[in-house]
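A.B. asks: Show me the folded form of this:
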Amino acid sequence: MLQQIALDGAILVGAAMQRVTGMGFALVAAPLLVLVLGVVQGVPLVQVLSLCVSGLVLASAFTYVDWLKAGLLIVPGLIGIVPGWWISKHVPTAPLSILIGVIVIVALLAMMADHRARIFKGTAGALSAGFLSGFMNVTAGVGGPAIVLYSVSTRWRHAEFVATAQAYFVALNIASLIAQGWPRLDGATWLLSIASLAAGLALGEVLARRVPTKVANVLVIGLALAGSAATIVRGWMTLH
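C.D. replies: Modelled structure (predicted):
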């Protein structure tokens, strides 16, 4: 019972964070979902719920989507899944996760410290960020931080970032589900998960109107750093 309450609470908070910041659902909800349901069912459920969250947020923020940037991120993101999937099958994931996490943290901190470090600019920046995100999503389970790198580099307006990121995450999660398959869960788990998701999105919709843009931007960077740190910790624990 307590596990179910914790799981539903994680889904609710994750959905709210996704609406306010444009990312964060998987980071918040995935650890408990995997703990309660196991990797085989937990990971696909995260992807299904992430797809639902991104789709619903996209619907509510549709007018702010920059479709050109969305395409520039989606195409290389889907391409990045291919080598990422191959490497995840043939290279130890622990050192790879640590390396990826360190690179993203260093890049984020460098860009916050000095504008000259903001290298993900223009078309080339979008293509690079999309590829890195797709690659990271398969190898380390975190696709958001790379998109934040691009957002920080280009000083992307927050409302457009939130909307456009959802279009990207919809495509990424569909591709992931095609690769991994649909989760097999009982009706009660589905019902409670969807109810928590709806409540979290409703809460996020209210908060999104009240949280200042500067605060939201700080939250986005904080989530990216936390996701990268979690990737390093997960890799380190696997090594030991």
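
A.B. asks: Would you mind checking the average pLDDT for the helix or strand harbouring residue 40?
C.D. replies: Element membership for residue 40, per DSSP states H and E: helix 39-60. What helix 39-60 shows for mean pLDDT is 87.

A.B. asks: How far off centre is the next helix or strand along the chain from it?
C.D. replies: Going down the chain from helix 39-60, the next helix or strand is helix 67-90, by DSSP H and E. What separates the centre of helix 67-90 from the centre of its chain is 14 Å, taken as C-alpha atoms, centre = their mean, to the nearest Å.

A.B. asks: Give me the buried positions along helix 67-90.
C.D. replies: Buried residues in helix 67-90, counted by 16 or more other C-beta atoms under 10 Å: 69-78, 80-81, 84-85, 88. C-beta here means a position set from N, CA and C on the backbone, and glycine is covered the same way.

A.B. asks: Okay, angle between the helix or strand just after it and helix 67-90 too, please.
C.D. replies: Of the helices and strands lying after helix 67-90 in sequence (DSSP H and E), the nearest is helix 93-113. In terms of direction (axes from the mean of the first three to the mean of the last three C-alpha atoms, to 10 degrees), helix 93-113 departs from helix 67-90 by 150 degrees.

A.B. asks: Against which helices or strands is helix 93-113 packed?
C.D. replies: Here helix 93-113 is seen to pack against helix 122-139, helix 144-154, helix 213-239 when contacts are counted using 3 or more C-beta pairs under 8 Å, 6 or more residues apart in numbering; DSSP states H and E.

A.B. asks: Now mean pLDDT too, for the ones you listed, in JSON lines please.
C.D. replies: Shown next, in JSON lines, are the helices and strands packed on helix 93-113 (pLDDT from 0 to 100):
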{"stretch": "helix 122-139", "mean pLDDT": "89"}
{"stretch": "helix 144-154", "mean pLDDT": "88"}
{"stretch": "helix 213-239", "mean pLDDT": "83"}
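
A.B. asks: Of all those, which one comes closest to residue 114?
C.D. replies: Taking C-beta to C-beta, helix 144-154 is the member of the helices and strands packed on helix 93-113 nearest to residue 114, at 11.7 Å.

A.B. asks: Can you work out which other helices and strands pack against that closest one?
C.D. replies: For helix 144-154, the packing partners by 3+ C-beta pairs under 8 Å, 6+ apart come out as helix 93-113, helix 122-139, helix 158-180, helix 213-239.
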